[in-house]
Each structure stands twice: as C-alpha cells, then as structure tokens.
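Visitor: My questions concern the predicted model and sequence given below.
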Amino acid sequence: MDYNICILITLMSGFSTFIGSFPIFFKVKNEKLIIAFCLLLSSFVMLYVSFFDLIPTSFDYLLEVYNVFYSILLFLTYIVTGFLIVKVFDSDSNNSSLYKVGIISMISLILHNIPEGIITFISLSKNIKLGISLTISIVLHNIPEGIAISVPIYFSTRSRKKALLYTLIASLSEPLGGVLSYLFFSDVNNYLFALFLSVTAGMMIYLSIFELLRKGFYYMKNKG
C-alpha cells in the first residue's frame with residue numbers, strides 16, 4: 001500500500017482516541033456516576049489490552065531475539081520498570097487526585113500509541129488485510145482510552161479546552177509512530193518493540209488497578 005495512505009489510516013486510528021472526549025459534552029444529573037462509569041470502563045479496557053495484547057506481543061518479540069530464560073528476565077524487568085515509572089510520578093504529583101489520573105493516563109497512552117502507530121503502519125504497508133483488521137481493533141480500544149484522559153481532566157478542571165488538548169496530544173502520538181516508522185523503517189526491530197510494549201503494559205496495569213479502578217469504585221460508592 002502507498003505510504004501516504006498508510007499514514008492517513010494511522011492518523012484516523014489515532015483520532016479515535018480523541019473521540020473518547022465525547023462524554024464531557026453531555027450534561028448529567030449525577031456527575032460522580034458518569035465519572036465512575038468512565039473510569040471503570042477505561043480500566044477494564046486497559047487491563048484487557050495489557051494482558052491480551054501488549055504482554056503476549058512483547059514476549060513473542062523477545063523470544064524472536066533471546067532464549068526463554070533471558071526473555072522472561074527482560075520482560076519482568078520492563079514490566080516492573082513500567083510500574084515504577086507510574087508509581088514515582090504518582091507519589092510526586094501535587095495535583096488534585098482526579099487531575100493526576102488524567103495526566104498519568106495521557107503519559108501512559110502516549111507511550112502506548114507510538115509503538116502502536118509503528119505496528120499499524122508496518123502492517124498496512126506489508127499486508128493490507130492484516131493492517132485494516134488491526135486498525136479496527138485499535139480504534140475500538142482507543143475510544144475508552146481517550147475517555148480515561150478527557151473525563152478526569154474535565155471534571156477536575158472544568159475546562160473542556162484542557163481536556164480536549166490533552167486527549168488530542170495522546171491521539172497524535174499514534175500517527176507520530178507511523179511517521180517514525182516511515183522515516184526510520186530499517187531501524188525498527190523486535191527488541192525495541194518489546195521494550196516499549198512491556199514497559200507500557202506495566203504502566204497501564206498500575207494505572208488501571210491503582211488509579212482508574214480505585215477512583216472508579218470511590219466515585220461509585222459516593223455517587224449519591
């Protein structure tokens with residue numbers, strides 16, 4: 001497929017994250033209930049993506065480069081690194097708790113979307129059928145990931161502009177991955193993919209369990 005079309009499709013895929021900002025335009029009677037629903041939905045999607053997409057894919061990439069023992073060692077190291085990155089940011093942040101959830105979500109998703117954009121671009125350029133199938137899958141899980149950024153940012157700041165801006169930044173990181181793949185196509189390797197994906201998986205698992213789920217259940221409990 002033509003590289004320009006690959007970039008365009010990758011851009012459209014990334015824009016689906018921006019679509020996740022739609023809940024902030026609806027007026028609701030019980031804001032805590034919508035916050036809880038959005039956070040819990042986002043956390044379940046991120047956990048699913050981490051355990052059934054990022055982790056298996058990153059481990060397979062490592063196995064193509066190293067033996068089983070060394071692959072497991074590297075994989076666990078990167079997962080823990082992802083945990084620690086979010087934990088350090090979490091403990092050092094002085095922002096309001098809900099705002100912090102949105103910022104951590106944005107950072108995690110940027111790191112997730114860049115290699116995702118690279119993979120999408122390569123898949124489209126090599127096998128159009130595989131690339132389109134992968135793009136549809138990415139679009140479906142990008143929307144609730146966008147919700148994880150926009151909803152906490154909006155309800156903590158009451159600024160739609162900030163919520164849209166931060167969600168847009170995360171959205172553009174996916175086509176950025178496609179551009180990087182186009183510019184440095186020969187430098188893309190399995191080890192780099194594995195590193196990005198496993199670190200991101202660690203970040204997203206920590207974010208889902210200790211931020212999104214925890215805050216989601218808190219707002220659900222105190223929705224009245």
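Guide: Sure thing, it's come through.
Visitor: next one: stretch 171-187 to chain centre, how far?
Guide: Distance, stretch centre to chain centre, for stretch 171-187: 16 Å (CA atoms, centre = their mean, to the nearest Å).
Visitor: ditto for stretch 18-30
Guide: 19 Å.
Visitor: and what of stretch 127-139?
Guide: Per CA atoms, centre = their mean, the centroid offset for stretch 127-139 relative to its chain is 17 Å.
Visitor: Tell me the buried residues in that stretch?
Guide: Neighbour counts over stretch 127-139 (16 or more other CB atoms under 10 Å) mark 131, 134-135, 138-139 as buried. Every C-beta, even on glycine, is put in place using the N, C-alpha and C of the backbone.
Visitor: next structured bit after the helix or strand hosting Asp60?
Guide: Following DSSP states H and E, one finds Asp60 within helix 55-63. Remark: after helix 55-63, the chain's next helix or strand is helix 68-92, criterion DSSP H and E.
Visitor: That following helix to helix 55-63, inter-axis angle?
Guide: Interaxial angle, helix 68-92 versus helix 55-63 (axes from the mean of the first three to the mean of the last three CA atoms, to 10 degrees): 130 degrees.
Visitor: Residues contacting helix 68-92, please?
Guide: Here helix 68-92 makes contact (CB atoms under 8 Å, 6 or more residues apart in numbering) with 55, 58-59, 62-63, 65-66, 100, 104, 107-108, 194-195, 198-207, 210-211.
Visitor: at 10 Å what do you get?
Guide: In this structure, residues lying in contact with helix 68-92 by CB atoms under 10 Å, 6 or more residues apart in numbering are 50, 54-55, 58-67, 97, 100-101, 103-104, 107-108, 111, 191, 194-207, 209-211.
Visitor: immediately after it, which helix or strand?
Guide: Downstream of helix 68-92 (by DSSP H and E), the next one is helix 97-126.
Visitor: starting at the chain centroid, how far to the helix holding Asp60?
Guide: 18 Å.
Visitor: Leaving out the residues flanking it, which one is nearest to Pro115?
Guide: Once flanking residues are discounted, Pro115 sits nearest to Phe196: 4.1 Å by CB to CB, 6 or more residues apart in numbering.
Visitor: Could I get the contacting residues of that neighbour?
Guide: 54, 58, 61, 78, 111-112, 114-116, 118-119, 177.
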